[in-house]
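J.: output the structure for:
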Amino acid sequence: MKADSNPRFWLLAGGGLLVGLVLTAVLLIVRPFGPPNFHGTVFQSSQPAQNFSLTAHTGDRVNLHDFQGKVVLLYFGYAYCPDVCPATMGELARAVRALRPSQQEQVQVIMVTVDPERDTRELLADYMGYFHPTFLGLTGSEEEIAAAAMPLGIYYEKEEGTIQSGYLVNHTASVLVLDKRGYLRIVYPFGTTGEDVASDLRYLVRE
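T.: This is a model prediction of the structure:
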């Protein structure tokens with residue numbers, strides 16, 4: 001008997017089609033757009049970023065691993081930076097504000113100062129609050145900051161400025177993105193827009 005005239009054939013074919021449609025629907029619900037094209041350099045880390053301990057502008061002692069469970073945007077900069085740092089923090093603020101409140105709760109922006117000599121906790125509090133009330137500034141001794149920066153490939157060095165500006169700090173201008181497990185996932189170059197960052201965060205907070 002031909003397959004196309006066999007009722008059992010059509011029953012099995014129909015059942016297979018139904019199962020396929022159901023699986024497709026489930027996959028679309030779980031991951032509606034498939035793997036994203038992130039807007040920075042993507043990393044496949046084998047282990048979480050190395051932990052470090054610094055003092056927050058609130059006065060609390062915090063560890064990097066304290067923030068596991070949130071997507072962390074980690075930046076090394078300083079309040080006296082004339083251009084790169086405020087531009088970067090401004091874009092990160094736009095990114096966070098573009099998210100829904102429930103998504104914002106799952107994101108933490110952290111700036112580690114590379115200028116602890118001038119960036120007091122009070123100054124960091126004002127600086128971070130200017131961009132967003134949830135942003136956190138961290139400081140510590142020169143040794144503690146170096147211990148946090150070096151394993152992440154962060155470079156910084158004092159350089160001569162002007163009488164008006166005082167010394168400047170030449171530093172890596174990248175933003176590091178850690179997923180909820182603390183793994184390095186993305187590195188954004190300077191100039192990445194808040195819109196692009198927000199697009200990536202919407203995906204990462206769902207993981």
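J.: show me the strands in this structure, by range?
T.: 41-42, 53-56, 61-63, 71-77, 107-113, 136-139, 156-162, 166-171, 175-178, 184-188 (DSSP state E).
J.: can I get the ones you listed in a markdown table with distance to E91, mean neighbour count and mean pLDDT?
T.: No exception for glycine: its C-beta is placed from N, CA and C like everyone else's. Formatted as a markdown table, the strands of the chain follow (distance: least, CB to CB, whole Å; neighbours: other CB atoms under 10 Å; pLDDT from 0 to 100):
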| stretch | distance to E91 | mean neighbour count | mean pLDDT |
| --- | --- | --- | --- |
| strand 41-42 | 17 | 12 | 94 |
| strand 53-56 | 22 | 18 | 98 |
| strand 61-63 | 24 | 13 | 97 |
| strand 71-77 | 10 | 23 | 98 |
| strand 107-113 | 11 | 24 | 98 |
| strand 136-139 | 17 | 24 | 98 |
| strand 156-162 | 20 | 11 | 89 |
| strand 166-171 | 17 | 16 | 93 |
| strand 175-178 | 9 | 24 | 98 |
| strand 184-188 | 9 | 22 | 96 |
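J.: now those as JSON lines including distance to T120?
T.: Converted to JSON lines, the strands of the chain look like this (distance: least, CB to CB, whole Å):
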{"stretch": "strand 41-42", "distance to T120": "33"}
{"stretch": "strand 53-56", "distance to T120": "11"}
{"stretch": "strand 61-63", "distance to T120": "16"}
{"stretch": "strand 71-77", "distance to T120": "15"}
{"stretch": "strand 107-113", "distance to T120": "9"}
{"stretch": "strand 136-139", "distance to T120": "8"}
{"stretch": "strand 156-162", "distance to T120": "17"}
{"stretch": "strand 166-171", "distance to T120": "15"}
{"stretch": "strand 175-178", "distance to T120": "24"}
{"stretch": "strand 184-188", "distance to T120": "28"}
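J.: and these: which comes nearest L124?
T.: strand 136-139 (3.3 Å; CB to CB).
J.: for the spatially closest residue to L136 that is not a sequence neighbour, list each beta-bridge partner.
T.: What sits nearest to L136 in space, not counting adjacent residues and going by CB to CB, 6 or more residues apart in numbering, is I110, at 5.0 Å. Taking DSSP bridges as the rule, I110 bridges to L74, L136.
J.: isn't I110 right up against T139?
T.: No. Using CB atoms under 8 Å, I110 is not in contact with T139; the gap is 11.4 Å.
J.: domains of this structure?
T.: 1-30, 41-204 (automatic domain parsing).
J.: where in the protein is pLDDT low?
T.: 1-36 (pLDDT under 70).
J.: D200 is nearest to which of the strands of the chain?
T.: strand 184-188 (6.4 Å).
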